[in-house]
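In: build me a structure from this.
(one chain, ligands or ions: 2)
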Amino acid sequence: MTQYILALDQGTTSSRAIVFDRQGRIRRTAQKEFPQLFPRPGWVEHDPQEIWSTQIGVAQEAISGAGLKASDLAAIGITNQRETVVVWDRATGEPVYNAIVWQDRRTAPLCDTLKAQGHEDLIRERTGLLIDAYFSGTKIGWILDHVPGARARAERGELACGTIDSWLVYRLTGGELHITDASNASRTLLFNIHTGAWDDDLLALLNVPRALLPEVRASSEVYGETAEGLLGARVKIAGMAGDQQAATFGQVCLERGMAKNTYGTGCFMLMNTAGEVVESRNRLLSTVVWQLGAGAQAQRTYALEGSVFVAGAVVQWLRDGLGIIRHASEVEALAGSVPDSGGVFLVPAFVGLGAPYWDPYARGTMVGLTRGTTSAHIARAALDSVAFQAAELLDAMEQDSGARLTELRVDGGASGNNLMMQFQADILGVTVTRPQVTETTALGAAFLAGLAVGFWSGTDELRTLWKADRSFEPGLDADRRAHLLGRWRRAVERSRAWAEAEQD
Ligand SMILES: Nc1ncnc2c1ncn2[C@@H]1O[C@H](COP(=O)(O)OP(=O)(O)O)[C@@H](O)[C@H]1O
Ligand SMILES: O=P(O)(O)OC[C@H](O)CO
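Out: Residues are numbered from 1 along each chain as shown. Ligands and ions are numbered 1, 2, ... in the order given. Next comes the predicted model:
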């Protein structure tokens, strides 16, 4: 009997594969990092072949490491770094260019033009997004315009494009399926989140031929099987969602008003708004969090999202840029060696600022330094900055949704930092709860796949599988909280528009 689900989690810095059992517990994990390519300042690329080879490699390793065979798997679920796009030749499967990664800023000038032409309202209304180089649409246009012959080949239907989920399914099925799911499609700037279809006006605006695009499917359904010979037996591919949406599912935030925050490279807070697209007045995104059922039965659930570009990455900077720690895990002891940041505020706007500012020209800033400032104060300010950014997201989310949060569920690599999680609860004034399984992104993909093949009976069963590990209760009074947030906002103001000024 098939007792396991395999989740493939293709992230920004590594490919992971995790085997889950019926209790939602991890049986085996395999992970492999791959190179980040920075061909020019502000450009970030991945080699799509490397994405594929690391992903299939860890899948094989996880299955054999668990002492299993592919025939022991009930299904595979896929989750992925979002917005990153690949364009490839339909006949040969060869990419025509590297994957352009979500962090890549090369299309910022084009986005400025689209904004100046007044397209922001149309885009917000149809896609729930705003105009920013973060999303896939302008990246696809860039590849078509810069790879010789690509636009003509795309128009003749010879090329295919897709986010990383599409690319993996295409390769897993031996080129049989060219599909995506609604949660990934909703990050492209080309997808109408109300109708659940690619939008001709947006395709025309961004000059993307329809023939390039994948078919949009539900997040939980049997799409097909892995190709013969790939894993030893053919396995059903039955779940697909963008990583932040999958984490929301893995945290079983299934009710309206429930929210999760994932602390990885960046930090992404999503609040379930059920069947309603809530229009943000605070520059948050509205996004499809998952689609269950297809065709006339399609049921799309939406979320408000706040996207912060630098969270755990600020700790990497302390390690690699400043050299004040050797391992990310050392930051807690260093930051905990002082009672607070000693008045230092660090705004990690290394690649501009995401929500709610969306300022591509902001840059990192440190204020409040004195002769008494030490590396410990800087480490503390770095951890505080992650919590302050999340607090601004929650504030915006509560205003937009009218919901008052009682608990924030947290996950991701940096959520293991107890000092940071305690400060997060303090500065939010809300209980912060960490589950036993913090690999909730992969768990969510497993849940979506498992539901489609009847491995789990339904969402009620999933609710029983989620278990809290530790809760952090808020301990700051409201005045102190408001004071610290006020100072943080002053620091943010000092970081804004810096790169723009430099160009003048
Ligand atoms: N103890 C810690 N405290 C703070 N940040 C940490 C800690 N351990 C790891 N991190 C950060 O967490 C991130 C890795 O988390 P992960 O969820 O694997 O990210 P991603 O999926 O984006 O690659 C890194 O940016 C790292 O600096
Ligand atoms: O790969 P991660 O975990 O850094 O997530 C990246 C996000 O999906 C970008 O939108």
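
In: first-to-last residue distance for stretch 119-139?
Out: Using C-alpha to C-alpha, to the nearest Å, the span of stretch 119-139 from its first residue to its last is 17 Å.

In: report the mean confidence score over that stretch.
Out: The predicted model gives stretch 119-139 an average pLDDT of 95.

In: and it, what's buried?
Out: 119, 123-124, 126-139 (16 or more other C-beta atoms under 10 Å). Yep, even glycine has a C-beta here, placed from its N, CA and C like the rest.

In: tell me which of the residues you listed fall in helices.
Out: Judged by DSSP state H, the subset of these located in helices is 123, 124, 126, 127, 137, 138, 139.

In: redo those as CSV? Include distance to ligand 1.
Out: Below are these laid out as CSV (distance: C-beta to the nearest ligand atom, whole Å):
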residue, distance to ligand 1
123, 26
124, 27
126, 29
127, 24
137, 23
138, 23
139, 19
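
In: for ligand 2, state which of those residues is nearest.
Out: Relative to ligand 2, the closest of these is residue 139; by C-beta to the nearest ligand atom it sits at 12.7 Å.

In: pLDDT score assigned to the nearest residue to the closest one once chain neighbours are set aside?
Out: Nearest in space to residue 139, with sequence neighbours left out and distances taken as C-beta to C-beta, 6 or more residues apart in numbering, is residue 100 at 4.2 Å. Model confidence at residue 100, expressed as pLDDT, equals 97.

In: how close does residue 100 sit to residue 203?
Out: 18 Å (C-beta to C-beta, to the nearest Å).

In: next one: residue 307
Out: Between residue 307 and residue 203 the distance is 24 Å, computed by C-beta to C-beta.

In: so for the two, which sits in the more crowded spot?
Out: residue 307 (23 against 17; other C-beta atoms under 10 Å).

In: pick out whichever of the ones in helices among the buried residues of stretch 119-139 sits closest to residue 9.
Out: Nearest to residue 9 out of those is residue 139 (C-beta to C-beta; 21.8 Å).

In: near ligand 1, which residues of the chain? Just list them.
Out: Within the chain, the residues that sit near ligand 1 (C-beta under 6 Å from any ligand atom) are 11-13, 264-265, 312-313, 315-316, 328-329, 331-332, 412-414, 416-417.

In: mark which of those are buried, thanks.
Out: Neighbour-count burial within the residues of the chain next to ligand 1 applies to 11-12, 264-265, 312-313, 315, 328, 331-332, 412-414, 416-417; the criterion is 16+ other C-beta under 10 Å.

In: quick one, what contacts the residue in the stretch 301-450 of the chain positioned nearest to ligand 1?
Out: In the stretch 301-450 of the chain, no residue comes nearer to ligand 1 than residue 413, which is 2.1 Å away by C-beta to the nearest ligand atom. For residue 413, the contacting residues are 263, 264, 312, 328, 438, by C-beta atoms under 8 Å, 6 or more residues apart in numbering.

In: phi and psi next, for it.
Out: When quoted as degrees, to the nearest 10, the phi and psi of residue 413 stand at phi -50, psi -40.

In: please begin residue numbering at 43 from this point
Out: I'll keep to 43 as the first residue from here, and by that count the last item is residue 455.

In: show me which residues of the stretch 193-342 of the chain sit near ligand 2.
Out: Neighbours of ligand 2 within the stretch 193-342 of the chain, by C-beta under 6 Å from any ligand atom: 284, 285, 286, 306, 307, 308.

In: and with 8 Å instead?
Out: 229, 284, 285, 286, 304, 306, 307, 308, 310 (C-beta under 8 Å from any ligand atom).

In: neighbour-wise, which of those residues leads?
Out: residue 284 (33 neighbours).

In: from the chain's centre, how far out does stretch 523-534 sit?
Out: 27 Å (C-alpha atoms, centre = their mean, to the nearest Å).

In: surely residue 172 is in contact with residue 165?
Out: Yes. Counting by C-beta atoms under 8 Å, residue 172 touches residue 165, with 6.7 Å between them.

In: separation between residue 342 and ligand 2?
Out: Plainly put, residue 342 is 19 Å away from ligand 2 if you go by C-beta to the nearest ligand atom, to the nearest Å.

In: burial of that residue, as a residue count?
Out: 22.

In: residue 225 is in contact with that one, correct?
Out: No. Between residue 342 and residue 225 there is no contact, the gap being 9.1 Å when judged by C-beta under 8 Å.

In: and the contacts of residue 455, which is closest to residue 450?
Out: Nearest to residue 450, judged by C-beta to C-beta, of those is residue 305 at 11.2 Å.

In: list phi and psi for that closest one.
Out: Note on residue 305: backbone dihedrals following degrees, to the nearest 10 are phi -100, psi 90.

In: wait, doesn't it sit right on residue 450?
Out: No. At 11.2 Å, residue 305 does not count as touching residue 450 under the criterion of C-beta under 8 Å.

In: now the closest residue to residue 475 other than its chain neighbours: how far from ligand 2?
Out: Among residues not flanking residue 475 along the chain, residue 513 sits closest, at 4.7 Å (C-beta to C-beta, 6+ apart). Residue 513 is 24 Å from ligand 2, where distance means C-beta to the nearest ligand atom.

In: give me the number of residues near residue 513?
Out: Look at residue 513: counted by other C-beta under 10 Å, it has 12 neighbours.

In: hmm, residue 473 and it touching each other?
Out: Yes. The pair residue 513 and residue 473 qualifies as a contact (C-beta under 8 Å) at a distance of 5.5 Å.

In: quick one: residues contacting the residue nearest to residue 475.
Out: By C-beta under 8 Å, 6+ apart, residue 513 lies in contact with 449, 473, 474, 475, 476.

In: buried subset of those, written for ChimeraX?
Out: Selecting only the buried entries of the contacts of residue 513 in ChimeraX, with 16+ other C-beta under 10 Å as the criterion:
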select :474,475,476
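
In: for the residue nearest to residue 475, what is the enclosing helix or strand?
Out: Using DSSP states H and E, residue 513 sits within strand 510-514.

In: residue 429 now?
Out: Using DSSP H and E, residue 429 sits within helix 417-443.

In: quick one: average pLDDT of that helix?
Out: 95.

In: only the buried residues of that helix, if you could.
Out: Across helix 417-443, burial judged by 16+ other C-beta under 10 Å covers 417-436, 438-440, 442-443.

In: tell me how far it is from the chain's mean position?
Out: 18 Å.

In: name whatever forms a beta bridge with residue 131.
Out: Counting by DSSP bridges, residue 131 is bridged to residue 201.

In: please list all residues in contact with it.
Out: For residue 131, the contacting residues are 137, 138, 195, 200, 201, 202, by C-beta under 8 Å, 6+ apart.
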